[in-house]
Structures are given as structure tokens and as C-alpha cells.
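Visitor: Kindly return the folded structure for what I paste below:
(one chain, ligands or ions: 2)
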Amino acid sequence: MADTPVPRGVIADDLTGATDLALMTSERGLRTALSVGPPETPVPGDVEASSPDVTVVALRSRTSPVDEAVAQSVRALRRLRAQGVGSFYFKYCSTFDSTTKGNIGPVLEALLDELGSDLTVVVPAFPAARRTVYKSRLFVGDDVLDESSMRAHPLTPMQDSHLVRLLQPQMRGRVGAITLEDVRGDLARALEQCRQRGVRAAVLDAVADDDLKTIARATSGLPLTTGSAGLAAAWGPGGPSAAVPVTAPGPSVSLVGSQSETSRAQVAHAAASQPVFVLEVPRDRQTVAETVTEVVHWCQARWRENAERPVLVHAPPPTRPPDPPQANLLEQTFGAIASELADRGVRRFAVGGGETSGSVVDALGIHMLDIGPPIATGVCWSVGRRDGDPVALALKSGNFGGPDFFRRAWELL
Ligand SMILES: Nc1ncnc2c1ncn2[C@@H]1O[C@H](COP(=O)(O)OP(=O)(O)O)[C@@H](O)[C@H]1O
Ligand SMILES: O=C(O)[C@@H](O)C(=O)COP(=O)(O)O
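Guide: Ligands and ions are numbered 1, 2, ... in the order given. The predicted structure follows:
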């Protein structure tokens, strides 16, 4: 197994992306801390004792305006540097989710500027999750990105699959491409040629785990690398899993705001054995509050019938075209449901969707997560603390997990 130096600081643009990567490093035996938002600077003297191998900072910047995403990401980088971190990874989605005013390019350039570095790589490939890049085109399984279900994402509809074409309009600097032949040939030379041509971000083809190992080795000297959790599978020497055990008693609830095909199939599967509540899209804050009260009563009534049986609450099908204010009200609704249920003693939450997970964890007031055992590729149990009590969280990217995810997850607790 390759022994590749590990970027010690990871800045992730959403929470499920952060847990995806943290699972990867923790499974490889790297002690991984996940901070929800930039970490507080630790008290000097504690640094050595508590220093993890990798600190992952989960932001909620994926759909933020450019200025906000840049400010959040630079702030995270500065906090990590203050803790002694010297090498960084910017984690975005393996489906390269970004809006038309996408912030991946601006964030990447701001981080390069902050580090005084000229070149980085763009590596969203994650073959274990069937994301591959060939001739700069991103594939999801057998489909190019813009022919996959990502084409109809409510917040980040992806209507091109060519990463250079997607990224260049977001950047001041030049975007280049490195072909699979060069990745498998003389990658160091290809990177040097990019540098000489003034390329700031080189999009790398990769279709197999071995390509990622090659890339991890060839880019280990760069202060900043970027991509999905795929590349993290090639970091470090590898070793026994550093995952912590996760236990939390009491009733179980799944909250699904994701509209991906995968999530919808998972909800349909769960509905065969679990009570399911379908939300309406709230019109305003007042209807958010009314909906939350209704859902909390519904959950409690279901648990009085059978305390062991998980329940599931999910968002209704979206309107076309997608409506960001409605998306935001739904996120608030899921967050408030979680927080009201937690006030009533619920400690087991499975959440479908990255934005939805961010909203739920924020509403629960959780700032740090310990990484637990895997549930599916890219999804794990994690533990946060709320008023000192452990809260078990399965934070699932919309696109991840098998059809039985919302049953299987509970069986692992
Ligand atoms: N019916 C709907 N109308 C508007 N927005 C919706 C609807 N259903 C879900 N959403 C929003 O879509 C977004 C889904 O994003 P996210 O939770 O990140 O899921 P994924 O992981 O699939 O990207 C959330 O902001 C959610 O509130
Ligand atoms: O890289 C991935 O696919 C995931 O880690 C990820 O970023 C998930 O984002 P959401 O689909 O918004 O949950």
C-alpha cells in the first residue's frame, strides 16, 4: 500500500462531504477529527496531546455566494494553520455540485493565494462510488454527469459534464487538463508542463483506484490539493480502522430532504416497513412552526404504538423550476424537527441530503463529530454531543447508500 503524506487539514464544502472523507481517513487508521464549522483555536499546550492526523472542517458553503464561500473557506484555512496544519485538501462533491455562479473555482484560487502556491489539481473521481473522469468528463456510473439524475438537482442542477468547461468560467487563472495517458505515464512531467503554461488548476483524469494512488503520490508536495473523498483513500500508510463505537438509546428517526433518485428509492423501500410522513413545502416561518409541531406529535404517536420502530419524514417532490427559498424553508423545517425531538430525548437521527444534514446538525447545536463505523460507501455513523449527551447521526449524501439504507443503518446501532 502506498505510504503517501497526508494533507492534515481538509476544508469540505458540506457536511455529508466531510463525513464521507472523514470515514475514508478514519477507516485507513488515521485519527480524524471533524469540526462542524471552523475549529476554535485550541489552548496552546493541548495541541500535541489532542492533535489528530487529519482535521476535517465541514462548511456549508456549497451553494453560498462566491464572497461568502471564499470568506468561510479562508477563515477555516487560517484556523487550521494556527493549529500547525501545513498541507490542505479542499473537498467538494464527487459530482462537482456547483451553481451557475459556482464557487469551487474562486475558493480554490483564494486558498492557493493564501498559501502562496501556484498550482493545484482537481480530482473529483471516486471509483468506489462510480465517479470517474475521462477526457475531463465526469461520469456517474455509466452516464456523463449531465445525463445523470444530477441534471435535475433542486439546488445545483448539473448541465455540463466537462470539468474544464465548468471550472474555467469560475476562475481568473487558467484551467488545464491532464489526460489518463499522462496520469499513467509521466504525471510529474505533465504537472510541470501545466505549471510552465501558467495553469492554476489542472483537471486530472482518473478511472481506477490505482490512478488515485499515482495522483496522491505525485501531488504530495503541493500545499493544496482538491477533489472528492476518493483521493483520500490513497493517503497514508493504511492501518486498522480508527472508527469509534456508536451507541445511543431510544427512538429512531430519518429526515430526508434529498430528492436524488437514490434517496427516493431508499424512502420507498423504508415505507414498506416504517411509518412515513410527507411534508408540505412551508410557505413561511409560521407554517414551518406549525409543520414542526404536527410532525413531532406524529412521531411521538408512532413511537407510543411501537417504540422500537423507526419513523421517516421526507420532503415532497420539488416543483419545476426549483425554488431556493422553498428549499431553505424545508431545511429549516428539518432542523427544527430534529431540535424539538432532541429536546424530547431523541438521540438517533439518520438524515438524507448534504444541505439537510448541515441544517439538522446546526439546529442540534453540535460542533464536533467522532467518526463511527461505515454504513455504506461514503456514509458512516457518527457521534456528536448535545448538552453532554451522545447523539448518533447517520448523515447521508443524497446519492449514496443502497436501497435499504434507512433500515440497515438502524440495524448497525
Ligand atoms: N419539494 C421541494 N421543494 C423545494 N426544495 C426542496 C424540495 N425537496 C427538497 N428540497 C431541497 O432540496 C435540497 C436537497 O439538497 P440536499 O439536502 O443537499 O440533498 P442532496 O444530498 O441530494 O444534494 C435541500 O435544500 C432541500 O430542502
Ligand atoms: O463527494 C460526494 O459525492 C459526497 O461526499 C458529497 O459531497 C455529498 O454531497 P450531497 O449529495 O449534497 O450530500
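
Visitor: just the strands in the stretch 301-413 of the chain please.
Guide: Assigned by DSSP state E, counting those that start in this stretch, the strands in the stretch 301-413 of the chain fall at 311-314, 348-352, 368-376, 379-386, 389-396.

Visitor: again, but for the stretch 151-300 of the chain
Guide: Counting by DSSP E, counting those that start in this stretch, the strands of the stretch 151-300 of the chain are 174-178, 199-204, 224-227, 252-256, 276-278.

Visitor: and ligand 2, which of the ones you listed is closest to it?
Guide: Nearest to ligand 2 among the strands of the stretch 151-300 of the chain is strand 224-227; the distance by CB to the nearest ligand atom comes to 8.8 Å. Any C-beta I mention is one placed from the backbone N, CA and C, and that applies to glycine too.

Visitor: The closest one: how far from the chain's middle?
Guide: Remark: strand 224-227 is offset 15 Å from the chain centroid, using CA atoms, centre = their mean, to the nearest Å.

Visitor: just stretch 390-406 next, same as before
Guide: Counting by CA atoms, centre = their mean, stretch 390-406 comes out at 12 Å from the chain centroid.

Visitor: Now tabulate the strands of the stretch 301-413 of the chain in TSV and tack on mean pLDDT.
Guide: Below are those laid out as TSV (pLDDT from 0 to 100):
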stretch	mean pLDDT
strand 311-314	98
strand 348-352	98
strand 368-376	95
strand 379-386	96
strand 389-396	96
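
Visitor: Quick check: which of those has the most neighbours on average?
Guide: strand 348-352 (a mean of 27; mean count of other CB atoms under 10 Å).

Visitor: which other residues reach it?
Guide: Strand 348-352 has contacts (CB atoms under 8 Å, 6 or more residues apart in numbering) with 248, 250-258, 263, 266-267, 310, 314, 334, 338, 341, 357, 360, 364, 391-396, 398, 405-406, 409-410, 413.

Visitor: Name only those of these that count as buried.
Guide: Buried positions within these, assessed by neighbour count (16 or more other CB atoms under 10 Å), are 248, 251-258, 263, 266-267, 310, 314, 334, 338, 341, 357, 360, 364, 391-396, 398, 405-406, 409-410, 413.

Visitor: restrict the residues you listed to contacts with ligand 2.
Guide: Gly398 (CB under 6 Å from any ligand atom).

Visitor: Tell me where the stretch 151-300 of the chain has helices.
Guide: 163-167, 180-184, 187-196, 209-218, 261-271, 285-305 (DSSP state H, counting those that start in this stretch).

Visitor: closest to Asp118 out of those helices?
Guide: Asp118 sits nearest to helix 187-196 of all the helices of the stretch 151-300 of the chain, at 6.4 Å, using CB to CB.

Visitor: would you put the C-alpha positions of the closest one in CSV?
Guide: C-alpha atoms of helix 187-196 as CSV (Å, rounded to 0.1, in the frame of the first residue of the first chain):
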residue,chain,number,x,y,z
LEU,A,187,2.5,12.6,-14.2
ALA,A,188,5.2,14.7,-12.6
ARG,A,189,6.2,16.0,-16.1
ALA,A,190,2.6,16.7,-17.0
LEU,A,191,2.2,18.7,-13.8
GLU,A,192,5.4,20.7,-14.5
GLN,A,193,4.2,21.4,-18.1
CYS,A,194,0.9,22.7,-16.6
ARG,A,195,2.9,24.9,-14.3
GLN,A,196,5.0,26.3,-17.1
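
Visitor: Any residues of the stretch 301-413 of the chain in contact with ligand 1? List them.
Guide: Contact residues (CB under 6 Å from any ligand atom) of the stretch 301-413 of the chain with ligand 1: 315-318, 323, 326-327, 330-331, 353-356, 397-398.

Visitor: Below-threshold pLDDT in the chain: ranges please.
Guide: For the chain, the stretches with pLDDT under 70 are 1-7, 41-50, 320-322.

Visitor: Tell me how it divides into domains.
Guide: Domain assignment for the chain, taken from automatic domain parsing, gives 8-234, 252-412.

Visitor: one step back: from the residues of the stretch 301-413 of the chain next to ligand 1, list the buried ones, please.
Guide: Buried members of these, counted by 16+ other CB under 10 Å: Ala315, Pro318, Gln326, Ala327, Leu330, Glu331, Gly353, Gly354, Glu355, Thr356, Ser397, Gly398.
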